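Asks: requesting a structural model of the entry that follows:
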Amino acid sequence: MLVRRHGRNYLSRRCRFVDYFSIAGIISKFAEFEKASDKLGFNWGGLVSFSFTGKTPRRNDKKVLLVDVDRVYAPMMWGKDHWVGLVINLTCRQVEILDCNIPLNESDNEVNKHMAYLLRALPHVLAAFSPPSDSSHPEEDQAFSWVRPDNIYFNERSGDCGPCAVKFLEMHAVGYSYEDMGQIDDKKVDIFRQKYAMDTYEEFNGNAKVQNDG
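Replies: Numbers count the residues shown, from 1 in each chain. Take a look at the predicted model:
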């Protein structure tokens with residue numbers, strides 16, 4: 001929904017939004033990748049390829065990561081029922097984790113369990129889809145690390161993590177700070193949950209007349 005409505009604006013700011021299937025695709029193929037002899041030629045799949053190159057047979061954004069895009073925004077599912085937002089900063093190799101319920105995975109060890117495969121895979125994926133590097137081992141130049149700000153909105157209710165993750169990413173992309181994200185409260189969550197539901201209905205029903213001026 002956000003990409004359909006604001007994708008060109010995001011690309012003009014050198015950032016790209018991707019859906020969770022791109023992240024899940026990287027994680028699901030990492031074990032197979034580790035066994036592959038030709039790592040730079042490894043087939044990460046169509047969704048991952050499009051996310052990193054902007055090119056498919058039906059669509060061509062002509063935006064390549066580390067050439068035209070410096071930052072990737074993506075939702076990620078931790079376990080079976082908790083969404084977080086990822087801000088993947090490609091130039092400094094750091095992932096900001098926007099999490100509305102830190103106590104659910106409070107320790108660094110818990111976070112590492114969710115993030116380890118993705119952080120290990122990202123340098124290799126970048127090496128596969130980016131222009132050639134002067135280094136003989138570009139995937140080893142710099143590992144990815146993570147940070148998780150603790151001054152954003154904390155949601156104590158159940159079922160709000162998905163909309164909160166999307167709202168955090170949307171706010172970050174237009175320049176809002178962590179402190180701004182900390183100004184969200186439960187009433188505001190109720191409002192943007194309703195708005196996202198109406199926006200999504202309108203997106204997927206094309207000509208439906210939905211009153212949505214909020």
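Asks: so what's Q183 closest to, chain neighbours aside?
Replies: Using CB to CB, 6 or more residues apart in numbering and skipping residues adjacent in sequence, the residue nearest Q183 is Y153, 7.6 Å away. Every C-beta, even on glycine, is put in place using the N, C-alpha and C of the backbone.
Asks: which parts of the protein are helices?
Replies: 2-12, 20-35, 46-53, 108-129, 161-173, 178-181, 186-204 (DSSP state H).
Asks: mind checking which of these is nearest S145?
Replies: Proximity to S145, assessed across the helices of the chain by CB to CB, is greatest for helix 108-129 (7.3 Å).
Asks: so which helix or strand of this structure has the lowest pLDDT on average?
Replies: One helix or strand of the chain scores below all others by mean pLDDT, DSSP states H and E: helix 2-12, with a mean of 73.
Asks: does anything pack onto that helix? Which helices or strands?
Replies: Helices and strands touching helix 2-12, as assessed by 3 or more CB pairs under 8 Å, 6 or more residues apart in numbering; DSSP states H and E, comprise strand 15-17, helix 161-173, helix 186-204.
Asks: out of the helices of the chain, which is the most enclosed?
Replies: helix 161-173 (a mean of 22; mean count of other CB atoms under 10 Å).
Asks: can you list the residues that contact that helix?
Replies: The contact list for helix 161-173, computed with CB atoms under 8 Å, 6 or more residues apart in numbering, reads 2, 10, 13, 15, 17, 73-75, 81-85, 87, 96, 98, 100-101, 152-153, 155, 180-181, 184, 189, 192-193, 196.
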